[in-house]
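A.B. asks: My questions concern the predicted model and sequence given below.
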Amino acid sequence: MGDRMAGAIARHFEAIGRDEVRAGEIYAEDAVLEYVQSGERIRGRANIIASRQAYPGRPAAFEVHRSAGTEQVQVVELTLRYSGADPHPVVAVLDLRDGLVVRERIYIAEPWDAPAYRAEWVEPLDSDPGR
């Protein structure tokens, strides 16, 4: 299941913002999508697809860095890049049943400048937070 699921996850995030029906193929009919920061829950594959089709802007790209997990849960690290904005680190936790997502919890981080007090101990991350 590992390679097959990794491929399905990559295709899902490639399709978001371009082909919501294709992106929605990863979800079970009764799937739930939760946006943690905004406290929203969307129930059902049809509603997930419709909500994404209604989105007024389109992300420039999702870049999947890695996914790991089991047949029951996958954790995905990715970057969301909006046109003209700083990239946003994202973590998605996917609960699975029979190879389909039944629950997705999305955590989108807002980038911020590193504080000066840590400068002597840190180095900048490269563009791939999965390394």
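C.D. replies: Done, it's in. Residues are numbered from 1 along each chain as shown.
A.B. asks: distance of residue 76 from residue 112?
C.D. replies: 22 Å (Cβ to Cβ, to the nearest Å). Every C-beta, even on glycine, is put in place using the N, C-alpha and C of the backbone.
A.B. asks: So for those two, which sits in the more crowded spot?
C.D. replies: residue 76 (24 against 7; other Cβ atoms under 10 Å).
A.B. asks: Need the three-state assignment for the more buried one.
C.D. replies: strand (DSSP: H, G, I helix; E, B strand; the rest coil).
A.B. asks: all strands of the chain, in order?
C.D. replies: 27-35, 40-43, 61-69, 73-81, 88-97, 100-108 (DSSP state E).
A.B. asks: residues near the spatially closest residue to residue 73 that is not a sequence neighbour, how many?
C.D. replies: Sequence neighbours aside, residue 95 is the residue nearest to residue 73 in space, at 5.6 Å (criterion: Cβ to Cβ, 6 or more residues apart in numbering). Residue neighbour count, defined by other Cβ under 10 Å, stands at 17 for residue 95.
A.B. asks: Check whether residue 95 really touches residue 72, as I assumed.
C.D. replies: Yes - look at residue 95 against residue 72 with Cβ atoms under 8 Å: they come within range, at 6.9 Å.
A.B. asks: Could you list the low-pLDDT ranges of the protein?
C.D. replies: 1, 58-60, 126-131 (pLDDT under 70).
A.B. asks: which helix of it spans the most residues?
C.D. replies: helix 2-15 (DSSP state H).
A.B. asks: Return the set of buried residues in that one.
C.D. replies: Judged by neighbour count using 16 or more other Cβ atoms under 10 Å, the buried positions of helix 2-15 are 5, 6, 8, 9, 10, 12, 13, 14, 15.
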